[in-house]
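>>> Next come a sequence and a model predicted from it.
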Amino acid sequence: MTEDSGRDDRSSYRQFSKTQHEEWSGVASADADFNKGARDLYETAGLDRKEWTILGFDAGSRRGRAWVEVFALNTALFGVTSHQELKTLGEAAALPVTKFYIPWESGLGDFIDEHFQSFTTSLTVKSMVGVDLQITDTKEIRAEQ
């Protein structure tokens, strides 16, 4: 990797919340081991764990059609064999990841259910990000069967 690796060109970086509708903002979390679900995310992306480390993924759904983008570092190419070496590499420069696009026909909920033991998403209306929401009442909505 050269010193002039385009670090100032933000178009080559992973962009968060790259949706056309920016009314909501939030975070998501999932279990640490992708392999706890029925399917292995590495297998779904076609990645060999001995050569690649998944560092992130973006997922979305539009009209029932889901898509997933997996961001992985080729650890074999960079000689990374431990988490500490990965952190050191990331501290020196932006991590050079490859984006793998995975179309997912059966919907985002199915993708999450198949790949994760647990998954949580929290969204807030963007204009209220940073404002504390104090829960003063709880009501349960029962789905019609």
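Noted; the coordinates are in hand. Residues are numbered from 1 along each chain as shown.
>>> Please make it C-alpha for all contacts and neighbour counts, starting now.
Fine.
>>> what lines up beside the helix or strand of the chain with the lowest mean pLDDT in the sheet?
Lowest on mean pLDDT, DSSP states H and E among the helices and strands of the chain sits strand 24-30, with a mean of 76. Sheet pairing of strand 24-30 (DSSP bridges) gives strand 119-125 (antiparallel).
>>> what is the rounded mean pLDDT of the strand it pairs with?
Averaging pLDDT along strand 119-125 yields 83.
>>> Run through who's touching that strand.
23-31, 112 (C-alpha atoms under 8 Å, 6 or more residues apart in numbering).
>>> now do 10 Å
If you take C-alpha atoms under 10 Å, 6 or more residues apart in numbering as the criterion, strand 119-125 is touched by 22-31, 112-113, 129-131, 133.
>>> For those residues, which two are the farthest from each other?
Maximum pairwise distance in the contacts of strand 119-125, criterion C-alpha to C-alpha, is 31.2 Å, between D113 and V131.
>>> When those two are compared, which one has more neighbours?
Between D113 and V131, counted using other C-alpha atoms under 10 Å, the more crowded position is D113 (14 against 8).
>>> part of a helix, is that one?
Yes - the assignment for D113 by DSSP: H, G, I helix; E, B strand; the rest coil puts it in a helix.
>>> In this structure, where's the longest helix?
helix 83-92 (DSSP state H).
>>> what packs against that one?
helix 75-78 (3 or more C-alpha pairs under 10 Å, 6 or more residues apart in numbering; DSSP states H and E).
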